[in-house]
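Enquirer: I'll drop the sequence and a predicted model, then ask my questions.
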Amino acid sequence: MAFFIENKELFKLQPVEGNGLRKCQLGAIWALKSHFTTSSNEIASLISMPTGSGKTALMMATCFELNLKKILIVVPSKILRRQIAEQFKTLEVLKKANCLPDDIGKTNVFEVTKRQKNREQWEVILNEHDVIVAHPNSISPYYKDIEPIPIDLIDAVLVDEAHHEPAETWRKLNDFYSELKRVFFTATPFRRDRKRMKAKLIYHYSIDKALEDNIMREVSFVGERAGIQNTNEALMNSAFDVFQKEKELNPNASILIRTDRIEDSILLTQLYNENGFNVDYIHYKRSANVNSQLVAKVKNNELDGLVCVGIASEGLDIPYLKVAVLHATPRSIPYTIQFLGRISRQPEDQEGNATLIANRDEVKGEVYKLYKSDETWGKLIPQLIDEQMQRARHYKSSQAKEVDFQMPELNVFFSALIYETSNNFEFENVEEINAKKPFEILRIEQQNDDSPLIIVTAYDKPLEWANNEIHIEDLLDVHLLYHHSDSNLLFELTTSEKAFGSFKKELIKSGLRRLPHSRLYKILSQFRQSDYIMVGMKNAVSQGASQPSYKTVIGSGVQASVRASEGRVFSTGHALLKLDLKKTWGLATKKGRVWAMKRGTSEEFKNWCDSLVNLIEDGPVIANLPGLSFLASSEPINNIEELPIAIIPNDLFFRAYSTIIHINHEEPIRNCIPEILPLSLDVDNNRLECQIKINEFEYDILMSLTEDKIWTLITDSEIRVRADKSENDIIEKSLEEILNEFYPSLIMPTGSVIEGRNKITPNQNIENLPSNIWKVKDWSDCNICAERYIRVPTANALPVINKTIELIRPDFEINSDVLILDDGANEIADLIWFQQSTKQVHFIHCKASHGEIPGRRKADCDILFTQAMRSIHWVSSVSLIDRLRERIQGNSELIITNQATWETLADNFKINNWTYNIILPQPGFDIQQVSDRDRNNNNIYELAIPMYERILGSMAELEIWGS
């Protein structure tokens with residue numbers, strides 16, 4: 001029995017009548033025949049054609065044209081296995097193309113549904129069948145308990161969806177049948193992990209050509225902004241709107257819904273069916289018969305579509321799929337293209353583009369640019385394919401996973417984060433820990449309890465210096481953890497923080513504390529101050545337009561280059577010193593890191609750590625590095641002695657990243673800087689009680705320096721934060737984790753700043769605040785104890801905001817100035833005044849007096865000064881106009897300004913043309929009293945100093961209006 005040879009004369013590659021095969025299918029056949037005239041079977045041949053261009057028909061034609069007798073077809077899923085088996089039985093697709101007559105007999109096809117144990121079973125099967133269709137799990141030599149099909153019983157192997165080939169089960173098959181003809185078929189001849197297929201690309205038909213030849217249609221993208229939690233309903237609602245319109249245009253249209261977990265497929269099916277759809281789910285755990293019946297129902301329009309899990313969608317033959325919904329967004333370009341192929345076929349009786357619906361907010365990995373782009377996917381996908389094809393190269397695999405692999409002796413760069421531990425600290429579950437995907441633990445070694453614990457992980461990742469174009473598989477990272485039990489210090493060295501983070505919580509379950517700056521500084525105490533070759537200084541006061549957040553001085557004479565006046569703003573960020581020709585050490589205060597310019601073994605690393613312990617434990621605590629005492633000093637603290645005047649969230653985090661804060665069951669909140677308000681100080685329990693505001697949401701939050709976790713959020717709601725800096729720099733954690741990693745700054749009444757467990761005291765030498773910041777105003781017709789704006793106020797009893805408007809009215813140019821009332825939750829200021837004549841933006845924060853007679857009450861300045869410092873975020877901010885536009889559409893309003901004037905100003909606003917002024921109207925201040933520094937108990941003057949420092953650092957001006 002040799003069906004394809006016996007019926008070769010009936011097969012017409014290019015029939016005279018009828019449609020015949022597509023030109024891409026003909027091109028692939030000719031390329032195959034040409035390849036086998038000159039090449040051996042040693043390397044498999046690879047054909048790359050877009051999904052939907054006819055790979056199944058091409059496989060059938062290959063059997064005739066290459067004179068094949070017995071063929072093994074390998075597929076990645078049970079669903080595709082059944083589908084291919086049924087199609088090969090009838091060869092219907094070749095009959096429709098007039099390549100075969102309708103009355104030709106059926107092909108004998110065997111679908112492998114269970115493993116065979118011996119050669120005799122395969123002999124019986126191959127004696128009765130010409131085509132074997134199988135999943136690798138049923139036939140791969142990778143598994144010890146099965147008998148693969150003997151090589152002498154077949155003469156060719158065809159592999160569908162061959163991008164799976166680098167996986168171990170597939171690779172073993174490829175190697176086992178290396179003497180036979182092997183033809184790989186795929187839409188993406190590359191993988192995200194860059195594991196190159198062991199095959200020679202002999203034909204590539206581009207998506208561009210498929211679009212040009214009307215084999216494929218373009219895909220329109222509907223990008224939901226559904227946040228990062230509870231997104232299913234938002235995507236379903238979007239799908240409902242799209243699908244209803246689609247059914248009006250194309251009644252035969254169907255929908256494909258993708259998720260990545262079986263339990264989710266069941267829940268999604270229920271959700272869609274409860275909201276007007278008629279869908280069912282398919283996955284590998286359902287029987288092949290059930291899956292095939294459901295696919296047939298979709299083809300017959302008995303179902304609107306299917307919910308599929310993972311690769312269950314690969315190879316699905318449903319011509320009328322028109323809409324796809326991604327409830328789990330693929331992170332790889334190849335899988336994205338594979339999935340799009342399901343909906344991008346172009347049936348003759350359908351109109352318009354296909355539609356893909358996904359949540360932009362959940363996009364990560366290499367598809368980031370694709371989902372964030374405004375370009376049409378019809379242009380982007382061919383471009384991405386071409387780029388990947390040009391980069392595809394063959395690289396040798398690491399052998400680290402082999403049983404007989406010998407770990408080389410370590411030669412690590414000495415660098416360590418140093419933590420303080422509890423007295424009873426120990427590593428947990430050392431022999432049982434597992435890393436979270438995509439990382440894998442390969443080796444765990446420790447000579448004895450006093451030696452460093454060595455853990456080696458593997459991860460497929462790109463070479464960072466090669467612009468992600470070259471990838472190495474099973475790239476190894478090493479992690480050294482050395483605990484010095486006598487000093488309760490832990491030294492952490494890792495070549496990948498992400499890899500280490502994949503198992504750290506399993507290994508270390510007790511709390512760790514960062515080494516305080518003052519203990520860290522002692523490490524460099526043996527160096528002479530003239531030895532500095534680099535000093536990095538971090539802004540200890542405030543990030544502003546006049547001062548960078550970080551400043552680095554490098555080269556000879558470093559110390560002389562650092563001005564003593566910079567101590568008003570900067571503290572030590574990092575330093576590098578050279579003691580002699582062989583010893584150069586550095587430290588960084590951000591996380592408590594120390595490094596040495598040397599490499600060595602794990603034992604040498606331990607000895608270095610021991611020397612650091614001696615330095616940390618010996619001698620007195622110091623507040624500055626030697627020779628840099630003029631910079632802001634730092635000292636460890638274990639308690640807070642007074643209520644902060646303000647708490648500022650980490651500016652570098654919330655401004656450097658594009659952020660989403662997603663509160664469970666609520667709309668996602670974008671690019672919002674939370675407000676943290678200090679409420680009360682429980683001195684006995686060393687606990688600061690605060691309130692955190694995120695737009696209209698308010699939660700209690702506690703700060704305690706006696707706990708391992710400094711910040712604790714009090715809420716039953718799950719609050720997640722996603723922060724995007726670039727496609728490769730994305731952070732997604734709980735809000736509590738963010739606050740404990742990126743510490744907020746506590747601004748203390750003394751002018752010091754508390755970050756974590758360190759109190760940083762800038763070198764402040766201001767003897768007097770400038771006299772011109774204090775302004776006496778006439779509040780005679782004002783009710784100074786009332787603040788909020790009233791549209792029709794009582795005569796001679798104006799609230800403070802109304803009176804402030806009257807005070808600025810004489811200088812207000814009605815035809816060019818803009819005044820915005822922004823009083824309310826998440827306000828920028830109570831009033832924002834754009835003054836055209838001076839090109840000044842005034843942020844005006846109004847507060848009512850706590851008494852009817854002006855004085856110098858501290859209560860009158862507490863919230864006022866905090867709000868003034870928060871205004872710094874909006875000084876020279878590129879987001880100011882957009883935020884005001886958004887606010888005006890809500891509850892904010894224009895005052896004595898018409899809409900046209902505002903729109904003209906907003907359209908032409910250029911940041912660099914304007915200066916900024918922060919005005920604080922508080923009629924409860926007696927200016928003569930509060931502006932006198934020498935007056936006893938003048939708390940307001942003392943509290944105004946740190947506020948003025950921060951405002952000055954942001955290149956803004958300050959005015960305080962009182963009585």
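Expert: Nice, thanks for sending it over.
Enquirer: distance of Gly305 relative to Arg225?
Expert: Note on Gly305: its distance to Arg225, by C-beta to C-beta, to the nearest Å, is 24 Å. In this view, the C-beta of every residue, glycine as well, is placed from N, C-alpha and C.
Enquirer: any idea which helix or strand in the protein has the lowest mean pLDDT?
Expert: The weakest-scoring helix or strand in the chain, judged by mean pLDDT, DSSP states H and E, is helix 377-391 (a mean of 53).
Enquirer: what lines up beside the helix or strand following that helix in the sheet?
Expert: Per DSSP states H and E, the first helix or strand lying C-terminal to helix 377-391 is strand 412-420. Within its sheet, and counting by DSSP bridges, strand 412-420 is paired with strand 489-494 (antiparallel), strand 513-514 (antiparallel), strand 593-600 (antiparallel).
Enquirer: deepest of these, which one?
Expert: Highest mean neighbour count of the strands paired with strand 412-420: strand 489-494, a mean of 23 (counted as mean count of other C-beta atoms under 10 Å).
Enquirer: how far does that one sit from its chain's centre?
Expert: The chain centre lies 26 Å from the centre of strand 489-494; the measure is C-alpha atoms, centre = their mean, to the nearest Å.
Enquirer: could you do stretch 758-777 as well?
Expert: Using C-alpha atoms, centre = their mean, the offset of stretch 758-777 from its chain centre is 41 Å.
Enquirer: kindly report the same for stretch 812-820.
Expert: Between the centre of stretch 812-820 and the centre of its chain there are 43 Å (C-alpha atoms, centre = their mean).
Enquirer: likewise for stretch 748-762?
Expert: 32 Å.
Enquirer: start and end of it, how far apart?
Expert: Stretch 748-762 has an end-to-end distance of 12 Å (criterion: C-alpha to C-alpha, to the nearest Å).
Enquirer: who's in contact with it?
Expert: 513-514, 516-518, 540-541, 567-569, 571, 632-638, 640, 642, 644-645, 705, 710, 743, 745-747, 764, 939, 942-943, 945-946, 949 (C-beta atoms under 8 Å, 6 or more residues apart in numbering).
Enquirer: just these: which are in strands?
Expert: Mapping these onto strands (DSSP state E) picks out 513-514, 571, 633-636, 745-747.
Enquirer: which residue in those residues has the weakest pLDDT?
Expert: Ranked by pLDDT, the ones in strands among the contacts of stretch 748-762 bottom out at Ser571 (77).
Enquirer: one step back: okay, the strands paired with strand 412-420 in CSV with distance to Thr51 next?
Expert: Shown next, in CSV, are these (distance: least, C-beta to C-beta, whole Å):
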stretch, distance to Thr51
strand 489-494, 41
strand 513-514, 51
strand 593-600, 48
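Enquirer: for Lys144, which of these is the nearest?
Expert: strand 489-494 (35.9 Å; C-beta to C-beta).
Enquirer: what's in contact with that closest one?
Expert: With C-beta under 8 Å, 6+ apart as the test, strand 489-494 has contacts from 412, 414-421, 425, 452, 477-484, 500, 512, 515, 605, 609, 612-613, 616.
Enquirer: give me the most central residue, this structure.
Expert: Ile730 (2.9 Å; C-alpha atoms, centre = their mean).
Enquirer: quick check: closest non-adjacent residue to that residue.
Expert: Asp724 (5.3 Å; C-beta to C-beta, 6 or more residues apart in numbering).
Enquirer: Ser658 is in contact with the one you found, correct?
Expert: Yes. With contact defined as C-beta atoms under 8 Å, Asp724 counts as touching Ser658 (4.7 Å).
Enquirer: cheers, nothing more for now.
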